[in-house]
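Enquirer: Just the structure for this:
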Amino acid sequence: MKRFWSPRTIAGRTLAVTVGLIFLAQILATLLLGAFVLRPQAQRVGGIVAQSVLAVSEAAAKVAPEDRAALIATLDRSDFLDVWQGPGPPRLGGSRPRWLEWVFMQALVDAFGPGSEIVWRTDPEQRLWLHVQIGPDMYWLSSRVPSAMQPGNVLLSSALSAIFLALLAAVVLQRRIAQPLEALTAAVEAPNGAKSLVVDDHGLHEVRVLTEAFNAQRVRLAALDEARAVMLAGVSHDIRTPLAKLRLALEISPERDTELAAAAHRQITEIDRLVGQFLLFAKGANTEPERAFDLDALVSELVALKQTDGCPVSLEGPSLGAYVGRPESLRRALANLIENASKHGKPPMRVITSQHGSQLSIAVTDAGDGAPGEALTRLATPFFRPDSGRSGGSGLGLAIAAQAAEVHGGKLRLRNLESKGFEAAILLPAQA
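Expert: Next up, the predicted model:
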């Protein structure tokens, strides 16, 4: 079943409902006003006018012909009646009468009787002509409709005023609702963590309750984050301490198998690296304070360091300039992307910088086989390791990169290249 279009925002729905209700109310008020006020008044005025014309006609029938002509001339000079003698009204071409004018004319017909003739509005001056007998002769009389009998403009002005005032009230009301909700949305989506919102004591009760609930939830989450950080620091210390003792024991052992000791050192180093990855991901990228730094220098330094380690990676693209953000989180994210390409991709590996409109891009590409299609959307999920493809180790490298991009208001884009290869790109909003 097809649904009618309806606004999706609070402001749109508030305005639509307000205008709809006011419109229906105005229609109902107009119908009631017409049925119980205007129609009876029009009939009453029509009867009075008809009685006046009949009285003039009876008086004209009783006076001499020369006096009758003077009476007719006096009527013609009045501000309310025009008198015309002829086969038809003086000018034609007017539009048909409005509803209230039709009621007025019908009252005239009823008062004069079935023998009278009503001609609809006959000229641009909105005069209504009536064919009546004055004395022995037939004349055309026109009576201007009193302003009280033309309430259309008044009703229209009243309706527009009511709609305007209702819209003004609806706008004020929706702003009282929308502004706290917008502040709440911004606080929830803030990359550097939500701050407590100010509770408006004069605001709407439901909005105040929601704001207070959000503040309480933020306090609880902050306490959980602090407890988690303390716990992870303790776990990291408890794990790394025996690792350090084991490494020292291997170093001072007088008799040892060289190959076995080297393998043990490698395993100890890998365990230490995994613990460091866990700790970095758990702490989050937003714990680092923001500062200005040279984005080009950061990228160049990482590429040069990997080249020194023997990684065949090149740097391409234009300069990105200065940036305000968290350089260490971006450094770890980019290092993870390059490490992921070196482990799971194939040469040539490139780091490509670019800018498209309001978006900066730092992409790491390789010529490997890419990632399986079903696993591509989950590669940045923490601890996700597909059976084959581009994830290994702790399963946190790409997740840390995605976290760093999001805390800067950007995102991590992972995709297989059309020709062959894989691309992992950190997309950041450009800054003035």
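Enquirer: Would you mark the buried spots in stretch 210-223?
Expert: Residues of stretch 210-223 classed as buried: 210-211, 214-215, 218 (neighbour count, 16 or more other CB atoms under 10 Å). The C-beta positions use only the backbone N, C-alpha and C, and glycine is treated the same way.
Enquirer: before we move on, what about stretch 318-331?
Expert: If you call a residue buried by 16+ other CB under 10 Å, then stretch 318-331 has these buried ones: 320, 323, 325-331.
Enquirer: how about the residues you listed, which pair is most distant?
Expert: Using CB to CB, the buried residues of stretch 318-331 span at most 17.4 Å, a distance reached by Leu320 and Glu328.
Enquirer: In three-state terms, label Ala371 for me.
Expert: Put simply, Ala371 is coil when judged by DSSP: H, G, I helix; E, B strand; the rest coil.
Enquirer: let me fix that: Gln355
Expert: Going by three-state DSSP: Gln355 is strand.
Enquirer: check contacts around it.
Expert: By CB atoms under 8 Å, 6 or more residues apart in numbering, Gln355 lies in contact with 318, 320, 361, 430.
Enquirer: ok, the first one to Arg415 distance?
Expert: Looking back up the chat, that one is Pro318. Pro318 is 22 Å from Arg415, where distance means CB to CB, to the nearest Å.
Enquirer: looking at this protein, which helix or strand does the model trust least?
Expert: strand 117-119 (a mean of 59; mean pLDDT, DSSP states H and E).
Enquirer: Past that strand, which element shows up next along the chain?
Expert: The helix or strand immediately downstream of strand 117-119 is strand 127-134, counting by DSSP states H and E.
Enquirer: For that following strand, the averaged confidence score.
Expert: In this model, strand 127-134 has a mean pLDDT of 72.
Enquirer: Tell me which residue lies nearest the centroid of this structure.
Expert: With distances taken as CA atoms, centre = their mean, Thr9 lies nearest the centre of the chain, 6.1 Å away.
Enquirer: What's the local residue count around the closest residue to Gly317 other than its chain neighbours?
Expert: In space, and not counting its chain neighbours, Gly317 is closest to Thr353: 3.4 Å by CB to CB, 6 or more residues apart in numbering. Counted with other CB atoms under 10 Å, residues neighbouring Thr353 total 18.
Enquirer: try the one 3 residues further on
Expert: His356 has 9 neighbours, counted by other CB under 10 Å.
Enquirer: So in terms of bridging, what pairs with it?
Expert: Beta-bridge pairing for His356 (DSSP bridges): Gln359.
Enquirer: so how far is Val303 from it?
Expert: For His356, the distance to Val303 equals 21 Å [CB to CB].
Enquirer: re the thing from before, just send the buried residues of stretch 210-223 back as TSV, with secondary structure and pLDDT too.
Expert: As requested, these are exported to TSV (DSSP: H, G, I helix; E, B strand; the rest coil; pLDDT from 0 to 100):
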residue	secondary structure	pLDDT
Leu210	helix	80
Thr211	helix	80
Phe214	helix	80
Asn215	helix	80
Arg218	helix	78
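Enquirer: To which secondary structure element type does Asp82 belong?
Expert: strand.
Enquirer: what's the domain layout of this structure?
Expert: With domains defined by automatic domain parsing, the chain comprises 10-152, 206-283, 288-429.
Enquirer: Would you map the helices across the stretch 101-250 of the chain?
Expert: Applying DSSP state H, counting those that start in this stretch to the stretch 101-250 of the chain gives helices spanning 152-189, 205-252.
Enquirer: Could you check how far Arg39 is from Ala16?
Expert: Separation of Arg39 from Ala16 (CB to CB): 33 Å.
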